[in-house]
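Colleague: A structural model of the following input is requested.
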Amino acid sequence: MDDLPEEVQELIEELDEAAEDEDEDAIKELTQKLLDTGADVEAITLKKLALLVMDGEEEMTRGWTEVAIQIDLDPFKTLIEGLATGMSLIGNKYEQGEAFVPQLLIASAAMYGGMDLLAPYMKLDENSGSKAATVVIGTVEGDVHDIGKSLVKTLLSANGFNCVDLGNDVPASRFIEAAKENQATAVSMSTLMTTTMAEMPKVVKMLENEGIRDKLLVMVGGAPITTEYASQIGADVSPHDAASAANWLKRAVFDFPSEGVRWG
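Modeller: So this is what the prediction gives:
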């Protein structure tokens, strides 16, 4: 931001203050002034959102998300290149010992604040060809992280899937029960820890024992999960991020029998 013209920097500072004060009228007025300068407001907004989430600035994140909405910035781009990028930044700091759990939690609250504002603008893709389908989603037992799971859920929902969110620390049996109850098309499991990876094959094995594995697609994801591991435990895929998870499932269900046919 330091290389931006002084006029632009001053408007950004005023927008920060308006966002912190939750002054929606001022945010709209200042956003228009920023656009009038000819600056690349999209790039500025995405960078601001990433830094604000990293710093856990919830009010300002919501304010700059309002800026993104006002300039018609694509909501998926805002989510992935702004809000989620901020979580990646703080996640990297955590891994390097430069940030700690409380900072992760504060950052996630900031991200969710922005996501709440974006949700109404994430329209369904009516031309995707994907069928209506139910996805049972959760973080496996022993793991209380849910940021990655929530990102996947947000993008799946935005792409027309009905998500049954089981939350975090979900016992294997609960995935099975929910899949049956909802006659699901897919089960999506995540974990951030190697110590809880073993819960994933447990769920797959239970699906097999219940005779319903072939009725479902199984997605597994999280930092320690690889494509090789997914194949090894009998899952269908391990997408490398939330966006690719949604894209893969849209393609996969296209030729998959409907829930009515599979569940009888």
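Colleague: once you drop chain neighbours, what's closest to residue 176?
Modeller: residue 206 (5.1 Å; C-beta to C-beta, 6 or more residues apart in numbering). For the C-beta atoms, the positions are set from N, CA and C on the backbone; glycine is no exception.
Colleague: tell me who's in contact with that neighbour.
Modeller: 172-173, 175-176 (C-beta atoms under 8 Å, 6 or more residues apart in numbering).
Colleague: for the helix or strand that contains residue 67, name the packing helices and strands.
Modeller: Secondary structure from DSSP states H and E places residue 67 in helix 58-70. Where contact means 3 or more C-beta pairs under 8 Å, 6 or more residues apart in numbering; DSSP states H and E, helix 58-70 is packed against helix 6-20, helix 24-36, helix 41-54, helix 101-118.
Colleague: what helix or strand does the residue nearest to residue 176 sit in?
Modeller: helix 199-209.
Colleague: same question, residue 177
Modeller: Going by DSSP H and E, residue 177 is in helix 172-182.
Colleague: so how far is that helix from its chain's centroid?
Modeller: Using C-alpha atoms, centre = their mean, to the nearest Å, the mean C-alpha position of helix 172-182 is found 22 Å from that of the whole chain.
Colleague: other SSEs contacting that helix?
Modeller: So helix 172-182, by 3+ C-beta pairs under 8 Å, 6+ apart, packs with strand 134-139, strand 186-190, helix 199-209.
Colleague: any buried residues in the last one, and which?
Modeller: By neighbour count on 16 or more other C-beta atoms under 10 Å, the buried set for helix 199-209 is 199-204, 206-207.
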